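Novice: The amino acid sequence is not available; the structure is as follows:
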C-alpha cells in the first residue's frame, strides 16, 4: 500500500490540474463574453457577469471540495502524524477536531476598558456613523462618477469584482494584524467552514456595488432596512425560529415603505422597466445572500470559540481568494486605473479602510451593548446616509418617496420598541 503522504500528494497535484483546467475554461468564457457585443450591451448583462464570476469562484471551490471529500473519506488526519507543513495547512483548512489544534488556541483574557460606558457608547456611535458614511459616499462615487485620466479622457470604473477584492484583502490584513498584535491564535476553526458564508458574502457585496448602476444610492440604503424580511425567512427555514405578531406587522410596513420610495424617486436610473427590474433583482439577491451570511456566521460563533477578529480574518481570507480567482484572467483596466489615477487609488484605500473599521466597530458594539443598541445606531446611520447622498449627489425624492422613507424608519423603530418591551416582560 502506498504511503498516505504520497497519495495525498497525488491528490493535491490533481487538484492543481483541475484548478488549471477550470481557470482556462473561465478565461475562454470571459473572452467570448467580452467579444460578444450583444451580451455586454444588454440591459441584463449583469446576469452573464454574475455567471462568469461563479465560474471563476469554482476554480477554487471545486478542487477544494474534492480534496475535502478525499481527506474525510480516507481519514487522512487519523493516519498521519501531526508533523510537516502540508499536514498543518491541510488541517487548518479541513480539520474538524478543535481539541487537536495547537495549545496556543486558548483564548487570552481580555482586559476591561478603562473608559466609562457612556464614553464607550459615544465612541462606537461616532465611529460607526463616520466609517459607514465615508464608505457609502465613496461607494457611490466610485461606481457612478467619472475619473479624469492624465490624457484628459474620462473613465468610469465598472468592475465590481475588483472593488470587492480590494475591500476583502485590506480587511483581512487588518484582522490578522490585530490578532498578531494581541497574540491570539490565527486559526480557531476549519477554514472550509467559512467558505460558505464567504461565497455569499462576496456575491452580496458584488450585487451591492453592481446595483448602483441601476438604482440610486438612497434606494440601495433603504433596501437594507428590508433585510429583516429575508432574515426572518432564513430563520424560519434554517433555524426554525418563531416570530411575534409585531415582527410580521413591522416587516409588512417596511415593505410598503420601500415600495413607496422606489416609485416615488425621480432619478435617471429608472429610465426603463428593464433597468428597474435589474436593480430590484440585484437588491433581492444581495439581501438573500447577506441574510444567509449572517445566519451562518452566527452558527459558527455558537459552534466554535471564535472572537470577532477570527471571523473577520477567516471570512475575508476566503472571500479575497475567491475574488482573486474571478479576477485572474480579467483585463488590466481596473489595475491600470488604480496605478495611473491617484484619486481613484485613494478612494479605494479609504473605502476599504472604512469598511474594515466598520466591521470591527460592529462586533465591538454588539459585544458591549447588545444587538438592539447596534440596530438603533445603524438605523440612524442609514437615515443620515440617505440625507447626505441626496444633498451631495442631488437625488430627487417626491413627497410619496419621502413618506416611504419615514414609514420604513418608523417601522424599524417600532420594532425595536416592541422588542425592548418584550424583553422587559420576560
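Specialist: Nice, thanks for sending it over. This one's a predicted model, so the numbers in the text were calculated from it and none came from an experiment.
Novice: and the helix or strand containing residue 52, how far from the chain's centre?
Specialist: In the assignment (DSSP states H and E), residue 52 maps to helix 45-73. When C-alpha coordinates are averaged (CA atoms, centre = their mean, to the nearest Å), helix 45-73 and its chain have centres 18 Å apart.
Novice: can you tell me the average pLDDT over the very next helix or strand once past it?
Specialist: Downstream of helix 45-73, the next assigned helix or strand under DSSP H and E is helix 76-79. Mean pLDDT, helix 76-79: 76.
Novice: Tell me the gap between helix 76-79 and the middle of its chain.
Specialist: Centre-to-centre, helix 76-79 and its host chain are 34 Å apart (CA atoms, centre = their mean).
Novice: swap in stretch 188-201?
Specialist: Distance, stretch centre to chain centre, for stretch 188-201: 12 Å (CA atoms, centre = their mean).
Novice: Show the contacting residues for residue 319.
Specialist: Shown in contact with residue 319 (CB atoms under 8 Å, 6 or more residues apart in numbering): 164, 168, 198, 201, 202, 205. For glycine as for every other residue, the C-beta is placed from the backbone atoms N, C-alpha and C.
Novice: out of the residues you listed, which is most surrounded?
Specialist: Within the contacts of residue 319, most neighbours by other CB atoms under 10 Å means residue 202, with 29 neighbours.
Novice: List the contacts of that residue.
Specialist: Taking CB under 8 Å, 6+ apart as the test, what residue 202 contacts is 57, 164, 168, 319, 322, 323.
Novice: quick one: which two of those residues are the most distant?
Specialist: Greatest spacing in those, by CB to CB: 57 and 168 (12.9 Å).
Novice: tell me which element the residue most central in space within the chain falls in.
Specialist: The residue lying closest to the centre of the chain (CA atoms, centre = their mean) is residue 201, at 3.6 Å. Assigned by DSSP H and E, residue 201 falls within helix 192-211.
Novice: now do residue 348
Specialist: Element membership of residue 348, judged by DSSP H and E, is helix 342-393.
Novice: by how many degrees do the helix holding residue 52 and helix 192-211 diverge?
Specialist: If you take axes from the mean of the first three to the mean of the last three CA atoms, to 10 degrees, helix 45-73 sits at 180 degrees to helix 192-211.
Novice: Point out the other elements, helices or strands, that helix 45-73 touches.
Specialist: helix 4-35, helix 85-94, helix 192-211, helix 308-327 (3 or more CB pairs under 8 Å, 6 or more residues apart in numbering; DSSP states H and E).
Novice: Looking at the ones you listed, spot the one closest to residue 75.
Specialist: Closest among the helices and strands packed on helix 45-73, once you apply CB to CB, is helix 4-35, at 9.3 Å.
Novice: coming back round to it: list the buried residues for the helix holding residue 201?
Specialist: Of the residues in helix 192-211, 192-211 count as buried by neighbour count, 16 or more other CB atoms under 10 Å.
Novice: what do you get for stretch 49-61?
Specialist: Buried-residue list, stretch 49-61, by 16+ other CB under 10 Å: 49, 50, 52, 53, 55, 56, 57, 58, 59, 60, 61.
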